[in-house]
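[1] Would you be able to build a 3D model of this:
(one chain, ligands or ions: 1)
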Amino acid sequence: MATIKFLYKILTWPIWPPGQAPVKLRGEFVLSHEPPTDTLLNGLVAAYKQVFKETEYWAEDWPTEVILAKLQREVVPPRSFLTLMAGNNEWPVAGFAWGAKVGRKDLPNRIAPTLGKTEEELDDLVTVLARRGVKNLIYADEFGVMRKFQGGLEPVRGLLRPWLEWAWHAYRVHACMFWTTPSSPIYSLACKMGFRSVYSTEVERKEIVFLLNPDFRFLLKVVQNMGDREIARFLMAAERRKKPK
Ligand SMILES: CC(C)(COP(=O)(O)OP(=O)(O)OC[C@H]1O[C@@H](n2cnc3c(N)ncnc32)[C@H](O)[C@@H]1OP(=O)(O)O)[C@@H](O)C(=O)NCCC(=O)NCCS
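    Next up is the predicted model:
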């Protein structure tokens, strides 16, 4: 009963405009809508390579020119977003998230090249979105934090919140989707944050799943209004509820 009351309380909270949420971000997170230049671009490429090399569930080696081409294709103003988390002198960029506001019919065109699939092969994904009444969504192509800068919720909150705020305030879009491997920590974290696996496929012999949150406004209220410890308690309670008695 106490949980239901609490959930109801969250629903009554406002969604704050960008920069006005009561819970302030501690680190430096910058939202933009185009690829960075100079030091930040080099830092982003270095962080991208490192994130996908150092994680055993990805263990990928990305050539610089492929990352640059991906950025040019996927981060295009005004509908794209790019959030960067500041690092240190050695690693100017510690983490990144990018994507765009897309219509569901435009999604295959956006993601087919990355997945090495044809647009037709992604028809079922479009159907899944149509069945759930999702016409427009915010799609995250990339999300990652270098291991040495991980720790606690702050990196995830800081890389996520700015573009959810932007998507809601600029476009009134409230559906969000991304894909990952079930082995990434983001998978279980996202499932506790209102995302559900809606489609899966194989890419280079890896299973990948698409996770959809059809209405991220609850999540946005949580990350705008609740501190780290409160959210951690909330996540633990969600975990307890899911465990068989
Ligand atoms: C995805 C990524 C950014 C997630 O960051 P992370 O720090 O590994 O995420 P975690 O699962 O540790 O969760 C972050 C925090 O949430 C909180 N949390 C997570 N699950 C929790 C739970 N069940 N109960 C309470 N708190 C919890 C904790 O504070 C945790 O911090 P801690 O691990 O230092 O205690 C990172 O793993 C990464 O960059 N991976 C490689 C790239 C990748 O797979 N990207 C995703 C798709 S492309």
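[2] Tell me who's in contact with I15.
    Residues near I15 by C-beta atoms under 8 Å, 6 or more residues apart in numbering: 165, 168-169, 217, 220-221, 224. Any C-beta I mention is one placed from the backbone N, CA and C, and that applies to glycine too.
[3] quick one: average pLDDT of stretch 49-62?
    Stretch 49-62 carries an average pLDDT of 96.
[4] Need the contact partners of it.
    If you take C-beta under 8 Å, 6+ apart as the criterion, stretch 49-62 is touched by 48, 64, 67, 91, 95, 144-147, 181, 183-184.
[5] if you set the cut-off to 7 Å instead, what comes out?
    Defining contact as C-beta atoms under 7 Å, 6 or more residues apart in numbering, one finds that stretch 49-62 is touched by 48, 144-147, 181, 183-184.
[6] Then stretch 178-185?
    Here stretch 178-185 makes contact (C-beta under 7 Å, 6+ apart) with 57, 139-140, 143, 186-187, 206-211.
[7] Out of those, the closest to P14 would be?
    Closest approach between the contacts of stretch 178-185 and P14, by C-beta to C-beta: A140, at 24.0 Å.
[8] can you pull up the bridge partners for the closest one?
    G99, F178 (DSSP bridges).
[9] shouldn't it be in contact with G99?
    Yes - using C-beta atoms under 7 Å, A140 is in contact with G99, at 3.9 Å.
[10] Which pair of the contacts of stretch 178-185 spans the longest distance?
    Maximum pairwise distance in the contacts of stretch 178-185, criterion C-beta to C-beta, is 21.5 Å, between Y57 and Y139.
[11] Looking at the two, which one has more neighbours?
    Y139 (24 against 14; other C-beta atoms under 10 Å).
[12] Now do the more buried one against the ligand, distance only.
    Applying C-beta to the nearest ligand atom, to the nearest Å, the value for Y139 to the ligand is 12 Å.
[13] what sits against that residue?
    Going by C-beta under 7 Å, 6+ apart, Y139 touches 99-100, 102, 107, 110, 177-178.
[14] Pull up the gap between it and A97, please.
    Y139 sits 11 Å away from A97, going by C-beta to C-beta, to the nearest Å.
[15] can you check S80 too?
    Taking C-beta to C-beta, one finds S80 at 11 Å from A97.
[16] M236 too?
    Distance, M236 to A97, by C-beta to C-beta: 25 Å.
[17] Up against the ligand, what does this structure have?
    Taking C-beta under 6 Å from any ligand atom as the contact definition, the chain meets the ligand at 51, 55, 142-145, 150-153, 156, 180, 184-186, 189, 232, 235-236, 239.
[18] Narrow those to those in strands?
    Among the residues of the chain next to the ligand, DSSP state E puts 142-145, 180 in strands.
[19] Among these, which one sits closest to S200?
    For S200, the closest of these turns out to be T180, at 10.6 Å, with distances computed as C-beta to C-beta.
[20] And for the closest residue to N225 other than its chain neighbours, the neighbour number?
    In space, and not counting its chain neighbours, N225 is closest to W13: 5.1 Å by C-beta to C-beta, 6 or more residues apart in numbering. If you count neighbours by other C-beta under 10 Å, W13 ends up with 16.
[21] and if you look at V102?
    Neighbours of V102 under the rule other C-beta under 10 Å: 19.
[22] ok, now how distant is it from A167?
    From V102 to A167 the distance is 11 Å (C-beta to C-beta).
[23] which stretches of the protein have low pLDDT?
    Within the chain, the stretches with pLDDT under 70 are 1-2, 241-245.
[24] where along it do the strands fall?
    Counting by DSSP E, the strands of the chain are 29-32, 80-86, 93-103, 136-145, 176-180, 196-203, 206-213.
[25] Nearest to E120, out of these?
    strand 196-203 (13.0 Å).
[26] in this structure, which spans are helices?
    Ranges of helices in the chain, per DSSP state H, are 2-12, 38-54, 64-74, 107-115, 123-131, 154-171, 185-191, 217-225, 228-242.
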